[in-house]
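Enquirer: Give me the fold of what follows.
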Amino acid sequence: MPAYFPEDYPRTAPGKAIRGMITGYYTWRDNARASRAQPAPRAPSAMIIAGADLPLDPQTLCRAPPGALYIVRSAAPVVPPYEEDGNDLGLAAATEFALAILGIPDIIVLGQRGATLIS
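Expert: As a prediction, the model looks like this:
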C-alpha cells in the first residue's frame with residue numbers, strides 16, 4: 001500500500017484506481033508545497049464540449065497548459081437546442097458561464113467516430 005495510507009487503514013480500502021488518485025494528489029500537493037510556486041491564473045481561450053467516453057484528454061490532445069481550455073464532458077458530444085423550460089440545464093449553465101463570465105470566444109465540440117451514444 002502507498003506510504004500515504006496508515007497501517008491501520010480500514011480493511012474496506014478503496015480500489016487500485018482510487019488509491020492511485022489519492023497518492024497522485026498527495027505527491028502533487030507535496031511538490032507544490034516544496035516549490036511554493038503557484039501557477040498564474042489563466043483565462044481559457046476556448047471551451048471544449050467532449051463526450052464522456054472520449055478516451056483522450058482534450059487538454060493533452062491540444063497540448064494546452066493547465067487552465068488554457070474550459071472542458072465540459074457530457075453524455076455525448078451533442079449540444080441540445082435551447083428550450084426555455086428545458087430540463088437539461090447543466091450544459092446550458094456551463095456554456096453560459098463560458099461565454100458570459102469567462103468571455104471565451106470559441107466553442108469546440110469534440111467527438112469520435114463510433115462514439116457509444118451516437119452510433
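
Enquirer: does Arg73 count as helix, strand or coil?
Expert: Here Arg73 is recorded as strand under DSSP: H, G, I helix; E, B strand; the rest coil.

Enquirer: so who does it touch?
Expert: Neighbour list for Arg73: 50-52, 54 [criterion: Cβ atoms under 8 Å, 6 or more residues apart in numbering]. Using the backbone N, CA and C atoms, a C-beta is placed for each residue, glycine as well.

Enquirer: next helix or strand past the helix or strand containing Met21?
Expert: With elements taken from DSSP states H and E, the one containing Met21 is helix 16-35. Using DSSP H and E, the helix or strand that follows helix 16-35 in sequence is strand 46-51.

Enquirer: who does that following strand pair up with?
Expert: Sheet pairing of strand 46-51 (DSSP bridges) gives strand 69-74 (parallel), strand 106-110 (parallel).

Enquirer: Past it, which element shows up next along the chain?
Expert: Taking DSSP H and E, what comes next after strand 46-51 is helix 58-61.

Enquirer: Leu61: which of the strands paired with strand 46-51 is closest?
Expert: Ranking the strands paired with strand 46-51 by their distance to Leu61 (criterion: Cβ to Cβ) puts strand 106-110 first, at 7.9 Å.

Enquirer: Just the C-alphas of the closest one, formatted as PDB.
Expert: The C-alpha trace of strand 106-110 is given here as PDB (Å, rounded to 0.1, in the frame of the first residue of the first chain):
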ATOM      1  CA  ASP A 106     -14.600  29.800 -29.300                       C
ATOM      2  CA  ILE A 107     -16.600  26.600 -28.600                       C
ATOM      3  CA  ILE A 108     -15.300  23.300 -30.000                       C
ATOM      4  CA  VAL A 109     -17.500  20.200 -30.000                       C
ATOM      5  CA  LEU A 110     -15.100  17.200 -29.900                       C
END
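
Enquirer: For that strand, list every residue counted as buried.
Expert: By neighbour count with 16 or more other Cβ atoms under 10 Å, strand 106-110 contains the buried residues Leu110.
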